[in-house]
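Undergrad: Here is my input; please provide its structure:
(2 chains)
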Amino acid sequence: MNTTVEAKLAQILQGAVSPITLESVLARLGAVARRRPEELGEREREAMLGVLRVSLRLFARGGEGDLIALCEKALRGGAVDKVPTLGGAPTPEIGGLRRIEIANEADITTARFEAWAEAARIGVPKFSAVKVATAVSELARNIFFYAGSGVVEIQPRRERGKVSLRVVARDNGPGIAPEKLRAIEAGTYRSERGMGRGLMAVKKLVDSFDLDTAPGRGTTVSCEFRVVA
Amino acid sequence: MRDSVPIISIRDCLLVSIQAELGDALAREVQDALMTRASEEGCKGVVLDISSVQLIDTYITRVLSDIGRSVRFMGAACVVVGMRPAVAMTLVEMGMDMSGVDTALSLESALERLELLR
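TA: So this is what the prediction gives:
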């Protein structure tokens, strides 16, 4: 590729991709290698740094030299100020209930953010926080799609020294008919709007799951995430 | 189309970088805008950069798969690039798949795959 085209391409790409940080680079590297940086062999490290240099030169918005140096240091297991920590949660303080009314599409986003914020507040590790927020997103969406309105409650709890996050999604909608519920549980149900798999997807993400529904009585989903700090 | 989702046309490919939180409305806007541009410009491929997206649930997965399938029906390839590790792990745990879209780790490999970096 000639240099003019390369420069032009780099310029376009820099405007199009999100900023690259040490954290994002290490997370991606970890995902590729399926190992923590300090467990990598010398060869793997060199290969990764080679790839990094090429892509960073193309993508990073200036300061890629510093970033490469930081990555190099982090990959060699050296202490770097900004290296992301895995878990390492502070002692959680149990706080009050967060209650989110769901009545329109924007409330789904609000519910996600509240879940995210609460998970972060009580020290849920980042990866698990994504699961919590995703599950809440599914539940809030189900309320909006099928019942029109309802409420999501997020409550941190501590029982016998164990911390957990309890999420309850409640609506007074049409409820789920027994035959439909059987199809949902068997994974054969397909809704016209989503994939009909949201509820079972939530069940797979949480540590405990309870569904209370009947035609005309509305639907209540109660679930719990254990917080492993 | 919101300003947060610019579609960049580059050598027969359309590049979309989603910089905002991917809500339902935004996902549908991206889908509509992409379909329109793809049919107008007759592109070879579509690259969807989701590296800024923190959360993808079943509905958004469905929209992304739909985009991929529609792009394919129009004779072009679609590559979703830069999915965050936590998002990927969550989707796997939920038992989702992204049939209909090709995925790539980086924008560079996506473009390579679309034979852009010749």
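
Undergrad: gap between the helix or strand encompassing residue B:78 and the chain center?
TA: Using DSSP states H and E, residue B:78 maps to strand B:77-81. From the chain centre to the centre of strand B:77-81 is a distance of 5 Å (CA atoms, centre = their mean, to the nearest Å).

Undergrad: ok, for the residue nearest the centre of chain B, nearest residue in space, not its chain neighbours?
TA: In chain B, the centroid-proximal residue (CA atoms, centre = their mean) is residue B:48; its distance is 2.8 Å. Once flanking residues are discounted, residue B:48 sits nearest to residue B:80: 4.8 Å by CB to CB, 6 or more residues apart in numbering or on different chains. For the C-beta atoms, the positions are set from N, CA and C on the backbone; glycine is no exception.

Undergrad: beta partners of that neighbour?
TA: residue B:48, residue B:103 (DSSP bridges).

Undergrad: Tell me which other helices or strands the strand holding residue B:78 touches.
TA: Helices and strands touching strand B:77-81, by 3 or more CB pairs under 8 Å, 6 or more residues apart in numbering or on different chains; DSSP states H and E, are strand B:45-49, helix B:58-73, strand B:102-104, helix B:107-113.

Undergrad: could the ones you listed be laid out in a markdown table, adding mean pLDDT and distance to residue A:111?
TA: Shown next, in a markdown table, are those (pLDDT from 0 to 100; distance: least, CB to CB, whole Å):
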| stretch | mean pLDDT | distance to residue A:111 |
| --- | --- | --- |
| strand B:45-49 | 90 | 25 |
| helix B:58-73 | 87 | 13 |
| strand B:102-104 | 87 | 27 |
| helix B:107-113 | 84 | 31 |
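
Undergrad: Compare those and give me the one nearest residue B:35.
TA: Nearest to residue B:35 among those is helix B:58-73; the distance by CB to CB comes to 6.1 Å.

Undergrad: number of nearby residues for residue B:70?
TA: Residue B:70 sits with 18 neighbouring residues when counted by other CB atoms under 10 Å in any protein chain shown.

Undergrad: List the buried residues of the strand holding residue B:78.
TA: Buried positions in strand B:77-81, judged by neighbour count with 16 or more other CB atoms under 10 Å in any protein chain shown: B:77, B:78, B:79, B:80, B:81.

Undergrad: sorry, back to before: would you check how far apart the residue nearest to residue B:48 and residue A:224 are?
TA: Separation of residue B:80 from residue A:224 (CB to CB, to the nearest Å) stands at 32 Å.

Undergrad: Would you agree the residue nearest to the centre of chain B is in contact with residue B:16?
TA: Yes. Here residue B:48 lies in contact with residue B:16, judged by CB atoms under 8 Å, at a distance of 5.3 Å.

Undergrad: shared neighbours, the two?
TA: residue B:30 (CB atoms under 8 Å, 6 or more residues apart in numbering or on different chains).

Undergrad: Could you look up the SS state of residue B:16?
TA: Following DSSP: H, G, I helix; E, B strand; the rest coil, we place residue B:16 in the strand state.

Undergrad: Would you confirm that it contacts residue B:45?
TA: No. Taking contacts as CB under 8 Å, residue B:16 lies outside contact range of residue B:45: 11.6 Å.

Undergrad: of the two, who's got more company?
TA: Using other CB under 10 Å as the criterion, residue B:16 and residue B:45 rank with residue B:45 on top: 23 against 20.

Undergrad: Spit out the contact partners of the closest residue in space to the more buried one that isn't next to it in sequence.
TA: Distances taken as CB to CB, 6+ apart put residue B:114 closest to residue B:45, at 4.0 Å, once the chain neighbours are dropped. Going by CB under 8 Å, 6+ apart, residue B:114 touches B:13, B:44, B:45, B:47, B:77, B:79.

Undergrad: Report pLDDT for residue B:114.
TA: As predicted, residue B:114 sits at a pLDDT of 81.

Undergrad: Low-confidence bits of chain B, can you list those?
TA: The model of chain B has pLDDT under 70 over residues B:1-5, B:116-118.

Undergrad: circling back: just give me the closest of the contacts of residue B:114 to chain A.
TA: Chain A lies nearest to residue B:47 out of the contacts of residue B:114, by CB to the nearest CB, at 9.0 Å.

Undergrad: Distance-wise, check the closest one relative to residue A:182.
TA: For residue B:47, the distance to residue A:182 - CB to CB - is 41 Å.

Undergrad: Compare those two and say which is more crowded by neighbours.
TA: A count of neighbours by other CB under 10 Å puts residue B:47 above the other of residue B:47 and residue A:182, at 26 against 12.

Undergrad: tell me which parts of chain B are close to chain A?
TA: Applying CB under 8 Å from any CB of the partner chain, we find that chain B lies next to chain A at B:6, B:8, B:10, B:15, B:17, B:19, B:21, B:23-25, B:49, B:51-52, B:54-59, B:61-62, B:82, B:84-90, B:93-96, B:105-108, B:117-118.

Undergrad: who's in contact with residue B:7?
TA: B:1, B:14, B:15, B:16, B:33, B:34, B:37.
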